[in-house]
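Novice: Please find the sequence and the predicted model below.
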2 protein chains.
Amino acid sequence: MRTGDGYGELLRDALEQGGEMLEIVERDDGFIMASRFGPQAYLAPFAKWPSRQRRALRLARGRVLDVGAGAGRVALHLQEKGHDVVAIDASPGAVEICRRRGINDARVLRVEDVDESLGIFDTVVMYGNNLGLLAARTKARRLLRRLHGVTSERGRIVGECLDPYDGAGPEHLAYHERNRQRGRMGGQIRIRIRYRDIATPWFDYLFVSREELEELVSGTGWRLARTFEDDPPLYVAVIEKEPRAPASRTG
Amino acid sequence: MRTGDGYGELLRDALEQGGEMLEIVERDDGFIMASRFGPQAYLAPFAKWPSRQRRALRLARGRVLDVGAGAGRVALHLQEKGHDVVAIDASPGAVEICRRRGINDARVLRVEDVDESLGIFDTVVMYGNNLGLLAARTKARRLLRRLHGVTSERGRIVGECLDPYDGAGPEHLAYHERNRQRGRMGGQIRIRIRYRDIATPWFDYLFVSREELEELVSGTGWRLARTFEDDPPLYVAVIEKEPRAPASRTG
């Protein structure tokens, strides 16, 4: 097994082979799951997206940062609607695919490395559970402040999440509890993606309830404005800027 | 992660939830794959089986030992056709399902523990790639001699296999080569099944070409009589008894 861009390789093979692939995600306690990773997940046109994603994306305005762009489904849609879009993804394979599919500005970049050199955005989109990239309590607050610094006065984050407590089975509840005992948030899962002989590095991915999200954004200059849902435990959160800038507004 | 009957749990959940599941198989070098594990794989009626399986199973006669019976698809079919069938599987979960589905004689037993207390069989079926349970060169020859001892004069093994060299990609060819350097057969893969938080113990599973299979059975009292194929690299081998008993016919 080698460490590498397993996600990018999966995406590339899925595109080139044209069919449904299976994505394997392994948690650091050995819990493993596979899920269908079909064209409907990464290539579907807007009309085929889940209603929560369609309804919430109508709130996207102006210049858009698409975080964790994958194969560029969201970025392409917004670009076609006339938005100026920057698509970022930590996976070089994903970014190569975004470019191949016609996204004008796609970059290999982690959300924690976003800075003002990218310009100012009106909307930050984090679809496909990518609010998970907030990763952990402290990191989340740092990221939210960073995004605050690169967004306009009326900036919005439209991000998808999963409520980890909604319908969780015993092996998940035990994982949450172990997390809390170690000072981590309950739904802070440490995972990697495995594809053939490649594993991505381990990374933290954060699942939070609405209440936790509300608390997480509080004091970062943002507030949870509303949520959209159609298929629990998934939801899309719309996070808007507080009327006044916070005291600690640093990049 | 705990070690246990991951395969049985998967099978049980698949049956109880009624839909398609995904089976994750991990090789000891970290190569991992998921495959669809749908009702068509473990519940399908005879008419829906691949043609190689249907054609070869017409050669089953008399009393049958079904090795690695899974959810009992083969054993049920043969039982309904009037055969006396003993279904064995190393997975307690699988055997429980076989019993629940109406198989008269289903036992938790590994093929290496088969002995004359089960009686004498006319046919040994090893479908679903279960010739793989031959595991390794020496073990395979021991198992073949053991099966020779519990089968009638006209005994047959009808077993499914995969030719590991047919269309193998570079990561598989490298694994084969590493195997050979360690004195193992090329297609002797060490794997485990992972399901949720359970991993089965690691076990050897043997994939051989027709030529290798021919050589493997030679001198054990058996000979490769014919093969059936419709979807390479898979094939069904029909292994029949040599006219004369071998010198080393031991149980």
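Specialist: Noted; the coordinates are in hand.
Novice: Check the gap between A:M185 and A:A135 for me.
Specialist: The gap separating A:M185 from A:A135 is 10 Å, by Cβ to Cβ, to the nearest Å. For every residue, glycine as well, the C-beta is placed using N, CA and C.
Novice: To clarify, my last question referred to A:A34.
Specialist: Taking Cβ to Cβ as the measure, A:A34 falls 23 Å from A:A135.
Novice: Look at these two and report which has more neighbours.
Specialist: Comparing A:A34 with A:A135 by neighbour count (other Cβ atoms under 10 Å in any protein chain shown), the higher total belongs to A:A34, at 24 against 21.
Novice: hey, what's the more buried one bridged with?
Specialist: The bridge-partner assignment for A:A34, based on DSSP bridges, gives A:I24.
Novice: residues in contact with it?
Specialist: Taking Cβ atoms under 8 Å, 6 or more residues apart in numbering or on different chains as the criterion, A:A34 is in contact with A:L22, A:E23, A:I24, A:V25, B:L22, B:I24, B:A34.
Novice: let's see 10 Å
Specialist: Under the criterion of Cβ atoms under 10 Å, 6 or more residues apart in numbering or on different chains, the contact list for A:A34 reads A:21-26, A:194, B:21-24, B:32-37, B:194-195.
Novice: out of those, which are buried?
Specialist: Neighbour counting by 16 or more other Cβ atoms under 10 Å in any protein chain shown classes A:21-26, A:194, B:21-24, B:32-34, B:37, B:194-195 among the contacts of A:A34 as buried.
Novice: Spell out which residues of the stretch 1-150 of chain A are next to chain B.
Specialist: By the rule Cβ under 10 Å from any Cβ of the partner chain, the part of the stretch 1-150 of chain A lying against chain B is A:1-3, A:6, A:20-24, A:26-37.
Novice: Which members of those residues occur in helices, if any?
Specialist: Among these, the members falling in helices (DSSP state H) are A:G6.
Novice: Which of the residues of the stretch 1-150 of chain A next to chain B fall in strands?
Specialist: With strands taken from DSSP state E, the overlap with those comprises A:2-3, A:21-24, A:26-27, A:32-37.
Novice: among these, which one has the lowest pLDDT?
Specialist: Note: of these, the lowest pLDDT belongs to A:F37, at 80.
Novice: how close does it get to A:G155?
Specialist: For A:F37, the distance to A:G155 equals 31 Å [Cβ to Cβ].
Novice: Same question for A:Y195.
Specialist: As for A:Y195, its distance to A:G155 is 35 Å (criterion: Cβ to Cβ).
Novice: Check the secondary structure at A:D230 for me.
Specialist: coil (DSSP: H, G, I helix; E, B strand; the rest coil).
Novice: Let me know the pLDDT of it.
Specialist: What the model reports for A:D230 is a pLDDT of 97.
Novice: Isn't it up against A:P50?
Specialist: Yes. Taking contact to mean Cβ atoms under 10 Å, the distance of 5.8 Å between A:D230 and A:P50 places them in contact.
Novice: More neighbours: those two, which one.
Specialist: Taking neighbours as other Cβ under 10 Å, A:D230 and A:P50 compare with A:P50 leading, 17 against 13.
Novice: Quick check: pLDDT value at that one.
Specialist: As summarised for this prediction, A:P50 has a pLDDT of 95.
Novice: Enumerate every residue touching it.
Specialist: Taking Cβ under 10 Å, 6+ apart, we find A:P50 in contact with A:A44, A:A56, A:Y127, A:E160, A:F228, A:E229, A:D230, A:D231, A:L234, A:V236.
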